[in-house]
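S.K.: Below are the sequence and a predicted model; questions follow.
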Amino acid sequence: MPKPRILVTRPSHQAAGQAALLESLGAEPVLLPLLEIKPVEASDEGFNLLKSRVMDLDLYHKVIFISGNAVTYGIDLIDQYWPQLPVGVEWLAIGRQTAAQLDSLGITATQSPDGYDSEALLALPQLQQITTDRILIMRGVGGRKTLAEQLSQRGARVDYADLYRRTAPHYTSAQISSIISNTSNNSASTRAEPLSAVLITSGEALNNLTQLITEHNFKQFLHTTLVVPSARVARIAAELGYTRVITASGPDNQAMAETVLSTIDMDDRT
């Protein structure tokens, strides 16, 4: 039986772990990054505001990290201006991977045990009575507004530290076909197995995939098993016309891999 071919769409610098896990579980990962992550640099518009927010870190009661990328770029910037972390700041993270990344750097962060998104974090007890709190959200440029809006409605003063930008990679139809058909590793006479599933870890990546489908007429993606990290992204997928959407228990590599392979296994039995 051929190995199931799974499309991995994480940014290039984050795809290796997911690909290695899929390989170890007997699948063939196919890499098609749908997001590029670039840090906000000193020459960029908005850097001075970002720098001032980081330099004022001790004025905030709570600091929330949205993602692993926010940890990577946020802690790097904090280290430049804070040889020692300020005392009295409460650290929070969305998702256990983000919290674990902070923990590996010596920062204990609270995360919701019940979910991986803004809504789950907002349910935490320490984010209920916050009328006198200043809160800094470490994130990418142009992220979801739900968290800041809800915290502001509860009386907190909320600021953003926009640390990185997400852009959509450009692909030609030929590049996509080559990646999907694995023509670099197969002879012209050998046809690769079709994709078994696509892993999508954010709404933005899903929108970028949909744009590729529209631009290059790859409508087969609409009917390929799509594994997503949350009910919110599943709703978006259904609205966009995807017909086979499976929701994993979270966006981490283990949850996504287990969900996609168990789904494929069930399909093979039916």
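M.R.: Arrived safely.

S.K.: List phi and psi for the closest residue to S12 other than its chain neighbours.
M.R.: Leaving aside its sequence neighbours, S12 sits nearest to P33 (Cβ to Cβ, 6 or more residues apart in numbering; 4.9 Å). Any C-beta I mention is one placed from the backbone N, CA and C, and that applies to glycine too. When read as degrees, to the nearest 10, the backbone of P33 gives phi -60, psi 130.

S.K.: Now for P33: which residues touch it?
M.R.: Taking Cβ atoms under 8 Å, 6 or more residues apart in numbering as the criterion, P33 is in contact with T9, R10, P11, S12, A15, P169.

S.K.: ok, now with 6 Å
M.R.: Contact partners of P33, counting by Cβ atoms under 6 Å, 6 or more residues apart in numbering, are P11, S12, P169.

S.K.: quick one: V158 is in a helix?
M.R.: No: counting by DSSP: H, G, I helix; E, B strand; the rest coil, V158 falls outside a helix, being strand.

S.K.: what bridges to it?
M.R.: Beta bridges link V158 to I135 when assigned by DSSP bridges.

S.K.: And the contacts of the biggest helix by length in the chain?
M.R.: Determined from DSSP state H, the single longest helix within the chain is helix 253-269. Residues from elsewhere that reach helix 253-269, judged by Cβ under 6 Å, 6+ apart: 4, 6, 17-18, 21-22, 25, 196-197, 199, 227, 246, 248-249.

S.K.: Which two of those have the greatest separation?
M.R.: Taking Cβ to Cβ, the two most distant members of these are G17 and I246; they sit 20.7 Å apart.

S.K.: neighbour count winner among these two?
M.R.: Each of G17 and I246 has its neighbours counted (other Cβ atoms under 10 Å); I246 has more, 16 against 13.

S.K.: What segments of the stretch 151-270 of the chain are strands?
M.R.: 157-167, 197-199, 225-228, 245-247 (DSSP state E, counting those that start in this stretch).

S.K.: ok, now which ones touch the residue nearest to A123 when sequence neighbours are not counted?
M.R.: Nearest residue to A123, sequence neighbours excluded (Cβ to Cβ, 6+ apart): S112, at 6.3 Å. By Cβ under 6 Å, 6+ apart, the contact set of S112 is A120, L121, L124.

S.K.: ok, of these, which come out buried?
M.R.: Buried members of those, counted by 16 or more other Cβ atoms under 10 Å: A120, L121.
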